[in-house]
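Colleague: predicted coordinates and the sequence they were generated for:
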Amino acid sequence: MNKQELNEARTNPDFIKYLEETRIDALNTQNISALYEVLDSMLILDLDEKKVNEVYEEILKISFFEVEKIVNDGKKLKLKENELYYIRSFYEHAIEKWSFQNIDGAKQLFFVLYNIIDDELLEDALKIHVIALSEAMDLDTFYEKKVDENSVLEDDSHGYFIVNFKFDIKNFLKENSTVLEKEYENLKYLLD
């Protein structure tokens, strides 16, 4: 959207009314896909921060509850349907922690996430995140030194995650296997 289209959407009473009705309905029904639709729209349009936070908190609450149920059933999360949104919210929460320099909190979330998902590409990418965090690397440096921002994703399901890097992923993970083993020993209690 260009600036004019954003301004038109922001000032269109019918669209704002639709968005608010969708927000209320999604909160009441705990519909995570609708909540993300509302959240994404509100963020793009730079709308009421209090309502944005309310939607985001509800997304996290739903995701953490649903992820716990899935994991307790001995299953792993897949990048499909609502599970994609659960993974996305976990990931975004970890990125948020990282952006606020909460290295340990971000590392713990990425560690748990790569142990509960069924997706090799994302699992390997999250391990790279954990390796960077084990070096206390800040998020900006991670983007600058590790992330390949010019590569194209093979499918949309990975579009919410950093999965493309400036190096061969398998070799990097092999070279840093001792770091991952150490982190596993330090953090495995989170999987109990």
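Modeller: Great, that's in hand. This structure is a prediction, so every number in the text was calculated from the model and none was measured. Numbering: from 1, shown residues only.
Colleague: how is Met137 assigned, secondary-structure-wise?
Modeller: Following DSSP: H, G, I helix; E, B strand; the rest coil, we place Met137 in the coil state.
Colleague: enumerate the positions of the biggest helix by length in the chain that are buried.
Modeller: What stands out as the longest helix in the chain, according to DSSP state H, is helix 49-72. Within helix 49-72, the residues that qualify as buried by neighbour count (16 or more other CB atoms under 10 Å) are 51-52, 55-56, 58-60, 62-63, 66-67, 70. In short, each C-beta sits where N, CA and C put it, glycine included.
Colleague: and the helix or strand that that helix is followed by, what does it pack against?
Modeller: Using DSSP states H and E, the helix or strand that directly follows helix 49-72 along the chain is helix 81-99. Contacting helix 81-99 under the criterion 3 or more CB pairs under 8 Å, 6 or more residues apart in numbering; DSSP states H and E are the following elements: helix 32-44, helix 49-72, helix 103-116, helix 120-134, helix 139-146.
Colleague: would you reformat the ones you listed as JSON lines and include mean pLDDT and distance to Glu92?
Modeller: Rendered in JSON lines, the data for these read as follows (pLDDT from 0 to 100; distance: least, CB to CB, whole Å):
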{"stretch": "helix 32-44", "mean pLDDT": "93", "distance to Glu92": "10"}
{"stretch": "helix 49-72", "mean pLDDT": "94", "distance to Glu92": "8"}
{"stretch": "helix 103-116", "mean pLDDT": "96", "distance to Glu92": "10"}
{"stretch": "helix 120-134", "mean pLDDT": "97", "distance to Glu92": "13"}
{"stretch": "helix 139-146", "mean pLDDT": "95", "distance to Glu92": "13"}
